[in-house]
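> Got a predicted structure here, sequence first:
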Amino acid sequence: MNIFSGILASAAAIWLVLTPAVAENTDMQQTDQSELSPRQQQAIRNAFSGLHSKAEQKMAMQMSDAQKVAETMCRPIALEYFRERYETADRVFLGTGGEGSLTLHGNSRLTGTGQVREGFNWHYFTFDCHLNPATGYATSFSANLTKTESFRRHPL
C-alpha cells in the first residue's frame, strides 16, 4: 500500500463519517422551508409591516409559520366568529405558546387551541381554520368550547 492509497482510504473514511451529518443538515434545511404559498407569505409580511418598531417586526418574523398564520389570517376571522355568538367578545388568542397548541396542515388549514374573552368570562376552545393559499386569507373558522372560567372582580 503506497501513501496515496492511505490518503484515499482516510478521505473515504472521513467522507463516510460525515455523510450522515450532511444528509441530516440537508433534511433540516428542507423542513425549515415554509409550506406557505407566496401569497400567504406576502400577506404575513404586509401585516407585520404595520408593527411599530423594527425590533417588533423582526421578532414577529421569527415566529413559527403556525403562529404567523394564527395571528395574521385566523385571529381576525375568529373574532368575527365569536362576536356572532357573544356580543361582548373582544379578545381572541389562538395557541397557548406551548408545544402542540397550533398545528399547520400544509398551507390550507390551521388547528389548535385558544381562548376568547366575553365580558368577565374566558372561554377555552379547540378550533379549525381553513386557508386559501391563492389569496392569503382564511376562508372559514369553527370552534368547540372546552371550558369557561369567570373572572368577575368583587369589591373589597
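Cool, got the structure.

> Would you mind checking which helix or strand in this protein has the lowest mean pLDDT?
Within the chain, judged by mean pLDDT, DSSP states H and E, the helix or strand with the poorest mean is helix 3-32; its value is a mean of 35.

> Which elements pack onto the helix or strand following it?
Counting by DSSP states H and E, the next helix or strand C-terminal to helix 3-32 is helix 38-48. With contacts defined as 3 or more Cβ pairs under 8 Å, 6 or more residues apart in numbering; DSSP states H and E, helix 38-48 has these neighbours: helix 54-61, helix 65-69. In short, each C-beta sits where N, CA and C put it, glycine included.

> Could you export the next helix or strand after the shortest one as PDB, CA atoms only?
Yep, that's helix 65-69 we're talking about. Stepping forward along the backbone from helix 65-69, the first helix or strand reached (DSSP H and E) is helix 75-85. Extracted C-alpha coordinates of helix 75-85, given in PDB (Å, rounded to 0.1, in the frame of the first residue of the first chain):
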ATOM      1  CA  ARG A  75     -57.400  35.600  14.500                       C
ATOM      2  CA  PRO A  76     -59.400  38.200  12.600                       C
ATOM      3  CA  ILE A  77     -61.900  35.700  11.300                       C
ATOM      4  CA  ALA A  78     -62.000  34.000  14.800                       C
ATOM      5  CA  LEU A  79     -63.000  37.300  16.400                       C
ATOM      6  CA  GLU A  80     -65.900  37.700  13.900                       C
ATOM      7  CA  TYR A  81     -66.900  34.100  14.600                       C
ATOM      8  CA  PHE A  82     -67.100  34.800  18.300                       C
ATOM      9  CA  ARG A  83     -68.800  38.200  18.000                       C
ATOM     10  CA  GLU A  84     -71.700  36.500  16.200                       C
ATOM     11  CA  ARG A  85     -72.100  34.200  19.300                       C
END
